[in-house]
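In: Please find the sequence and the predicted model below.
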Amino acid sequence: SAVISQKPSRDICQRGTSLTIQCQVDSQVTMMFWYRQQPGQSLTLIATANQGSEATYESGFVIDKFPISRPNLTFSTLTVSNMSPEDSSIYLCSVVSGYTGELFFGEGSRLTVL
Amino acid sequence: GENVEQHPSTLSVQEGDSAVIKCTYSDSASNYFPWYKQELGKRPQLIIDIRSNVGEKKDQRIAVTLNKTAKHFSLHITETQPEDSAVYFCAPRRGNRDDKIIFGKGTRLHILP
């Protein structure tokens, strides 16, 4: 299994500001995935973060809005930039077990933008 | 890319009855078929999975069946209990662990007393 520590667990932010979410994994992983989950909705993939290269973003998500860092094989950050109320959501990082294929999630970061 | 559809979106069953949720996918190269359960306020967690070399897998009250020809797989919960109330997601994908993972829209299961 993989243990993922994610922070902050929640935050209330002002419109126009930026917030960085951190994820620390207890083992080395090639890929880390960042998801957004809006209230009552499914998980939407924002981007895939690969150590040593630029993150790959899904349709509808851009690097200027959601810059990602992946400085090593156990850590990644997602920044939500220039926030608006529409960015209010839960953001989750995740990794795949190399042995089973199971996806493990961080606890999630609940962002509220006022 | 993978197109994943999940039905129904909401399901209410009497406690003790069975529940079935179906997931349809488009990528014929998919060979790993998991189901995740997300309780209110918590992160999703794997409850059962199946690989393409088998047609059914069972773990106590839950089971997953796979029809690769028709490209769908289903979650079966028998003798439902209140703690089964949650949202369930399917996330079929190829075996490469670095492939991105797309989730179905989820099924909200209500167990009625």
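Out: Right, received. Where do you want to start?

In: Make sure A:E58 is actually in contact with A:L43.
Out: No - look at A:E58 against A:L43 with CB atoms under 8 Å: they stay out of range, at 11.6 Å. Every residue, glycine included, has its C-beta placed from N, CA and C.

In: These two: which has the busier surroundings?
Out: A:L43 (27 against 18; other CB atoms under 10 Å in any protein chain shown).

In: what's the pLDDT at that one?
Out: pLDDT recorded at A:L43 is 96.

In: same question, B:D98
Out: 62.

In: Tell me how many other residues surround A:P39.
Out: Counted by other CB under 10 Å, the residues lying close to A:P39 total 8.

In: for the closest residue to it other than its chain neighbours, what are its contacts?
Out: Excluding the flanking residues, the one nearest A:P39 by CB to CB, 6 or more residues apart in numbering or on different chains is A:S89, at 7.6 Å. Residues near A:S89 by CB atoms under 8 Å, 6 or more residues apart in numbering or on different chains: A:R36, A:Q37, A:Q38, A:P39, A:R110, A:L111.

In: Give the helix, strand or coil label for the fourth one.
Out: Translated: A:P39. Assigned with DSSP: H, G, I helix; E, B strand; the rest coil, A:P39 falls in the coil class.

In: distance of it from chain B?
Out: Relative to chain B, A:P39 is positioned 11 Å away (CB to the nearest CB, to the nearest Å).

In: And the contacts of A:S89, which is closest to B:F103?
Out: The closest of the contacts of A:S89 to B:F103 turns out to be A:Q37 (CB to CB; 9.3 Å).

In: Now do the contacts for the closest one.
Out: With contacts defined as CB under 8 Å, 6+ apart, A:Q37 is in contact with A:L43, A:T44, A:S89, A:I90, A:Y91, A:L92, A:G108.

In: Swap in 6 Å and give it another go.
Out: A:L43, A:I90 (CB atoms under 6 Å, 6 or more residues apart in numbering or on different chains).

In: Quickly list what it is bridged to.
Out: For A:Q37, the beta-bridge assignment (DSSP bridges) gives partners A:I90.

In: hang on, the earlier thing: would you turn the contacts of A:S89 into JSON lines with distance to A:T100 and pLDDT?
Out: Shown next, in JSON lines, are those (distance: CB to CB, whole Å; pLDDT from 0 to 100):
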{"residue": "A:R36", "distance to A:T100": "25", "pLDDT": "97"}
{"residue": "A:Q37", "distance to A:T100": "23", "pLDDT": "97"}
{"residue": "A:Q38", "distance to A:T100": "28", "pLDDT": "94"}
{"residue": "A:P39", "distance to A:T100": "30", "pLDDT": "90"}
{"residue": "A:R110", "distance to A:T100": "28", "pLDDT": "97"}
{"residue": "A:L111", "distance to A:T100": "30", "pLDDT": "97"}
